[in-house]
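Trainee: requesting a structural model of the entry that follows:
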Amino acid sequence: MPRETKNTIARAFRAAFPLTLPVLAGYFFLGMSYGLYMHSLGFSWLWPTLTAAFVYGGSLEFVLGSMLCAQFNPVTTAVMAVAVQLRHTFYAITQLGRYRGNGWKTFFLVFGMSDETFAITSSTPAPEGVDEGWFMLWITWLDQAYWIVGSAAGGIFGQLMAFPTKGLSFVMTALFVVIFLGAWDKAQDRRPAHIGLVCSVVCLIVLGPSNFMVPAMACMTAALLVMRELDARAARAQAPEGGDAQ
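Mentor: Numbers count the residues shown, from 1 in each chain. Modelled structure (predicted):
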């Protein structure tokens with residue numbers, strides 16, 4: 001590998017790694033709870049490790065554990081997977097421009113997208129002099145590595161001794177709060193955050209905690225599209241007649 005390429009990769013890693021430390025704290029301990037949960041269902045540590053590597057669906061993996069213990073129904077499994085992970089569709093739409101043109105990296109960027117990875121890559125541009133493709137890829141790979149290692153550790157630990165898992169899921173809630181506050185502090189335009197909060201709270205109240213996620217994401221998307229159109233109209237109205245003509 002050329003020295004310049006090695007320097008590019010190393011520089012991107014050094015820029016990405018500190019940003020993923022909050023995810024490490026959340027993914028490792030929640031991954032351990034997943035590994036322990038799979039152990040409680042009778043699976044060896046290898047199963048949560050493999051699902052973390054090849055499914056990498058977070059909450060879907062917890063659902064998958066119970067599915068593996070029941071009679072297999074492909075239709076139910078497919079519908080459940082789509083319903084649980086549908087929110088990633090909205091994430092992907094906003095990242096199409098940034099992911100395009102990254103060659104083989106695009107596959108891993110798409111496969112490895114998670115809530116936390118999206119939160120970091122969508123709100124943090126690559127520092128000056130750092131290759132954006134490698135920067136996003138390191139964030140993606142590091143985040144998934146934390147989840148895989150945590151899942152494996154939980155499965156192994158579960159085989160060695162009993163460990164209570166109640167309350168560990170709150171780690172992810174705390175992680176989202178930290179990421180949101182960081183994005184809030186950096187944002188110059190906080191209207192998208194206001195839209196997200198309002199849509200989430202209204203849908204949560206109306207639909208309940210089990211059904212609000214997808215409708216809330218749909219409301220956010222619609223509201224953001226309306227906001228974008230209104231901003232474009234306002235910009236056109238303020239532009240001098242004749243455009244760039246002098």
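Trainee: pLDDT weak spots in the protein?
Mentor: Low-confidence segments of the chain (pLDDT under 70): 1-4, 162-176, 179, 241-246.
Trainee: can you pull out the helices in it?
Mentor: Ranges of helices within the chain are 3-16, 21-40, 46-54, 59-69, 74-85, 87-99, 105-111, 115-123, 132-160, 170-186, 191-207, 213-238, based on DSSP state H.
Trainee: what would these look like in CSV with mean neighbour count?
Mentor: In short, each C-beta sits where N, CA and C put it, glycine included. Below are those laid out as CSV (neighbours: other Cβ atoms under 10 Å):
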stretch, mean neighbour count
helix 3-16, 15
helix 21-40, 22
helix 46-54, 19
helix 59-69, 16
helix 74-85, 13
helix 87-99, 14
helix 105-111, 15
helix 115-123, 20
helix 132-160, 21
helix 170-186, 14
helix 191-207, 14
helix 213-238, 13
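Trainee: show me how the record splits this structure into domains.
Mentor: By the assignment in automatic domain parsing, the chain contains the domains 3-187, 189-238.
Trainee: contacts for stretch 85-102?
Mentor: Outside stretch 85-102, the residues that touch it by Cβ atoms under 8 Å, 6 or more residues apart in numbering are 57, 60, 106, 109-110, 113, 115, 118, 121-122, 132-133, 136-137, 213-214, 217-218, 220-221.
Trainee: now that stretch, how far from the centre of its chain.
Mentor: Stretch 85-102 has its average C-alpha position 11 Å from the chain's average C-alpha position, going by Cα atoms, centre = their mean, to the nearest Å.
Trainee: from residue 114, how far off is residue 122?
Mentor: Distance of residue 122 to residue 114, given as Cβ to Cβ, to the nearest Å: 12 Å.
Trainee: same check, this time on residue 130
Mentor: Applying Cβ to Cβ, the value for residue 130 to residue 114 is 21 Å.
Trainee: and if you look at residue 17?
Mentor: Distance, residue 17 to residue 114, using Cβ to Cβ: 17 Å.
Trainee: likewise for residue 226?
Mentor: From residue 226 across to residue 114, the span is 28 Å (Cβ to Cβ).
Trainee: do the same with residue 46
Mentor: Distance, residue 46 to residue 114, using Cβ to Cβ: 22 Å.
Trainee: just residue 15 next, same as before
Mentor: Residue 15 sits 19 Å away from residue 114, going by Cβ to Cβ.
Trainee: same question, residue 63
Mentor: Counting by Cβ to Cβ, the gap from residue 63 to residue 114 is 16 Å.
Trainee: also residue 236?
Mentor: Separation of residue 236 from residue 114 (Cβ to Cβ): 37 Å.
Trainee: equivalent analysis for residue 99, please.
Mentor: On the measure of Cβ to Cβ, residue 99 and residue 114 end up 14 Å apart.
Trainee: ok, residue 177 next?
Mentor: Distance, residue 177 to residue 114, by Cβ to Cβ: 17 Å.
Trainee: kindly report the same for residue 131.
Mentor: To residue 114, residue 131 is 22 Å away according to Cβ to Cβ.
Trainee: over to residue 33?
Mentor: In terms of Cβ to Cβ, residue 33 sits 16 Å off from residue 114.
Trainee: repeat that for residue 238.
Mentor: Going from residue 238 to residue 114 by Cβ to Cβ gives 39 Å.
Trainee: what about residue 114, how many residues nearby?
Mentor: Applying other Cβ atoms under 10 Å, we find 19 residues neighbouring residue 114.
Trainee: and it, what are its phi and psi?
Mentor: When read as degrees, to the nearest 10, the backbone of residue 114 gives phi -130, psi 170.
Trainee: got a list of what the closest residue to residue 60 other than its chain neighbours touches?
Mentor: Ranked by Cβ to Cβ, 6 or more residues apart in numbering and with sequence neighbours excluded, the top spatial neighbour of residue 60 is residue 84, at 4.7 Å. The contact partners of residue 84, by Cβ under 8 Å, 6+ apart, come to 57, 59, 60, 63.
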